[in-house]
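**Student:** need coordinates for the below:
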Amino acid sequence: MAQSDSIPPGTLYMLVLKTLARLGPMHGYGIALFIQETSDGVLEVEEGSLYPALQRMLLKGWVEAEWRQTENNRRARFYSMTAEGRKTLRAEVQSFDRVNRAIDLIIHPSEG
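**Tutor:** Got it, this is the predicted structure:
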């Protein structure tokens, strides 16, 4: 398994929103597990970062939550993305892609 790294600042919201967009309503542990597994173990979301971020996302209106039973019959808060969350996700992905292209231009200058 690859060494886990911190999630780059400013990308946690985007990763959570993208996870909810792909999979639908999920509880926090499921979100963290999906991000870790999908990134081949490179990105690890700590509880101390995830739950405060989810709370901020609730306050911003990007997600909504409801208490439900998990697959293991435990009570957990399930988060789902709102219309405002979808709008935010589109903007975050565009910004992320723009910054990544700019960084790539610096790290891998074209030969010429």
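**Student:** and stretch 78-88, how far from the chain's centre?
**Tutor:** Distance, stretch centre to chain centre, for stretch 78-88: 12 Å (Cα atoms, centre = their mean, to the nearest Å).
**Student:** just stretch 96-106 next, same as before
**Tutor:** From the chain centre to the centre of stretch 96-106 is a distance of 20 Å (Cα atoms, centre = their mean).
**Student:** stretch 46-63 now?
**Tutor:** With Cα atoms, centre = their mean as the basis, stretch 46-63 stands 10 Å off its chain's centre.
**Student:** local confidence estimate at Gln3?
**Tutor:** Listed pLDDT for Gln3 reads 62.
**Student:** give me the element Ala91 is part of.
**Tutor:** Element membership of Ala91, judged by DSSP states H and E, is helix 83-107.
**Student:** got it, and Trp67?
**Tutor:** Here Trp67, judged by DSSP H and E, is contained in strand 63-69.
**Student:** what does the next helix or strand along the chain from that strand contact?
**Tutor:** For strand 63-69, the following helix or strand on the C-terminal side (DSSP H and E) is strand 75-81. Identification of contacts with strand 75-81 by Cβ atoms under 8 Å, 6 or more residues apart in numbering yields 16-17, 20-21, 24-29, 31, 54, 57-58, 62-70, 89. Glycine gets a C-beta too; all of them are placed from N, C-alpha and C.
**Student:** and if we set it to 6 Å?
**Tutor:** With Cβ atoms under 6 Å, 6 or more residues apart in numbering as the test, strand 75-81 has contacts from Leu17, Leu20, Ala21, Pro25, His27, Val63, Glu64, Ala65, Glu66, Trp67, Arg68, Thr70.
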